[in-house]
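**Q** sequence and predicted structure, then a few things I'm wondering about:
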Amino acid sequence: MSFQQIFGKLSETQAIAPGRVNLLGEHTDYNDGFVLPTAIPQHTTVQLSFSDDGEHHFYSENLQERVSILESHHTPSGFASYIFGCIEVLNKAGYTIPSLNVYVQSSVPMGSGLSSSAALEVATLRAIRQLLDLPIDDVEIAQFAQQAEIHYAGVQCGIMDQMASSLADTQHILFLDTRTLERRVLPFPNKTTIVVIDSGVPHTLATSGYNQRRAECEHAANLLGVKALRDIIDAKVTETLPEPFNRRARHVVTEDNRVLEVLQGVTPEHFGELMNASHASLRDDYEVSVPALDTLVEILQKTPGVFGARLTGAGFGGSCVALVALGEEKAIATQVLQQYNNAGYKGQILVPDVEVSDAA
């Protein structure tokens with residue numbers, strides 16, 4: 001159903017925001033560390049109009065779900081919590097947000113580790129900025145989006161997903177220092193592109209081990225006497241910590257160092273080796289992988305034309321990303337998906353755009 005069919009009037013503005021995939025720098029953003037995301041073609045579209053009855057009305061085309069809100073002190077659940085959170089953080093920042101009709105359509109898969117929530121938040125905030133002509137820039141959009149997710153969706157997330165959705169594009173890699181928000185746009189390694197495959201195992205951040213991992217990192221930083229694990233440069237320092245804090249900290253320190261290595265300029269082969277090492281660290285030290293992800297990564301890593309592969313996103317399910325030879329991405333994705341599904345799983349190619357029948 002269209003906006004007009006749902007709300008009885010035409011929309012007054014719309015905005016879009018992409019999902020993201022992270023090439024290196026996983027679970028480092030909430031440790032004040034370094035990340036290397038890029039945007040993906042899938043995006044979320046948010047259409048808006050003013051509501052005439054004093055209530056907010058949210059509709060998700062994907063879920064075919066409608067939520068109406070009058071009581072501002074009651075946070076709704078599900079997709080509506082992200083939209084409501086965006087409105088509330090703007091209100092608390094001193095902007096007066098009137099009652100709105102909000103229509104959401106998204107091609108970013110939910111539960112795939114590709115930041116569908118950040119895409120929803122950024123698209124919502126962009127649409128409100130356009131509708132009300134608010135004087136907020138793209139970095140502030142990301143910061144408001146992060147606050148919405150933390151305080152209204154219950155996920156103690158770092159800033160990476162929202163910054164990537166607000167600032168990244170599909171043609172470059174975004175280097176981001178999550179402490180200072182210093183950023184740099186980098187090219188992909190020479191003659192490479194990415195393949196992204198959904199493992200078919202969904203993850204839910206708020207109910208997964210995500211918040212637990214964050215707490216473990218904060219405890220490790222306290223034991224080491226630093227503000228955040230980003231301040232530890234030598235991974236050997238983490239060996240003094242008790243289990244499992246030594247391994248959690250070792251992952252963060254080595255992962256930050258892998259990202260910084262890319263800044264020096266690396267070959268596709270070296271970039272791939274860093275991605276492979278990242279997955280091993282996420283699997284063994286951070287313990288956020290699952291058998292499906294390990295199987296998919298192993299198939300990718302053994303496939304000719306693939307330089308490296310790893311899980312992407314928080315883990316506990318979701319997707320894998322691979323750096324591959326430019327021009328071979330469709331053949332690689334199709335071949336890998338077939339092997340993965342033959343192993344008893346049900347995956348889906350997300351990048352590049354490949355007809356599923358081709359992979360049957």
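**A** Okay, I see it.

**Q** what sits against Leu260?
**A** Leu260 makes contact with Phe34 under the criterion C-beta atoms under 8 Å, 6 or more residues apart in numbering. In short, each C-beta sits where N, CA and C put it, glycine included.

**Q** doesn't it belong to a helix?
**A** Yes - following the definition DSSP: H, G, I helix; E, B strand; the rest coil, Leu260 is counted among the residues of a helix.

**Q** got phi/psi on the nearest residue to Asp53 once chain neighbours are set aside?
**A** With sequence-adjacent residues excluded and distances taken as C-beta to C-beta, 6 or more residues apart in numbering, Asp53 is closest to Ser99, at 7.2 Å. Its backbone dihedrals place Ser99 at phi -70, psi 140, with angles given as degrees, to the nearest 10.

**Q** now the helix or strand Gly85 falls within: buried residues?
**A** With elements delineated by DSSP states H and E, Gly85 resides in helix 79-92, which encompasses its position. Within helix 79-92, the residues scored as buried using 16 or more other C-beta atoms under 10 Å are Phe79, Ala80, Ser81, Tyr82, Ile83, Phe84, Gly85, Cys86, Ile87, Glu88, Val89, Leu90.

**Q** which ones are touching the fourth one?
**A** Pointing back at Tyr82 there. Ser117, Leu120, Glu121, Thr124, Ala148, Glu149, Tyr152, Ala153.

**Q** and the residue lying closest to the fourth one once chain neighbours are set aside, how close does it get to Gln143?
**A** It refers to Thr124. Once flanking residues are discounted, Thr124 sits nearest to Cys86: 4.6 Å by C-beta to C-beta, 6+ apart. Using C-beta to C-beta, to the nearest Å, one obtains 12 Å as the distance from Cys86 to Gln143.

**Q** and for Ala39?
**A** Here Ala39 is placed at a distance of 18 Å from Gln143 (C-beta to C-beta).

**Q** those two - which one has more neighbours?
**A** Between Ala39 and Gln143, counted using other C-beta atoms under 10 Å, the more crowded position is Ala39 (24 against 20).

**Q** wait, a strand at the more buried one?
**A** Yes - counting by three-state DSSP, Ala39 is located in a strand.

**Q** my read: it touches Leu23, true?
**A** No - using C-beta atoms under 8 Å, Ala39 and Leu23 do not qualify as a contacting pair, with a distance of 11.7 Å.

**Q** now do the contacts for the residue nearest the centre of the chain.
**A** Centroid check for the chain by C-alpha atoms, centre = their mean gives Ser115 as the closest residue, at 3.2 Å. Counting by C-beta under 8 Å, 6+ apart, Ser115 makes contact with Gly19, Arg20, Val108, Asp161, Ala164, Ser165, Gly313.

**Q** isn't Val324 up against Lys191?
**A** No - contact status for Val324 versus Lys191: not in contact, 10.1 Å apart, counting by C-beta under 8 Å.

**Q** and those two? Which one has more around it.
**A** Neighbours were tallied for Val324 and for Lys191 using other C-beta under 10 Å; the higher tally belongs to Val324 (28 against 9).

**Q** and the strand or helix carrying Gln14, how far from the chain's centre?
**A** With elements taken from DSSP H and E, the one containing Gln14 is strand 13-24. In terms of C-alpha atoms, centre = their mean, to the nearest Å, the centre of strand 13-24 is set 8 Å apart from its chain centre.

**Q** list the buried residues in that strand.
**A** Those would be Gln14, Ala15, Ile16, Ala17, Pro18, Gly19, Arg20, Val21, Asn22, Leu23, Leu24, for strand 13-24 by 16+ other C-beta under 10 Å.

**Q** and stretch 119-139, by the same measure?
**A** Buried residues in stretch 119-139, counting neighbours by 16+ other C-beta under 10 Å, are found at 119-129, 131-132, 134, 136.
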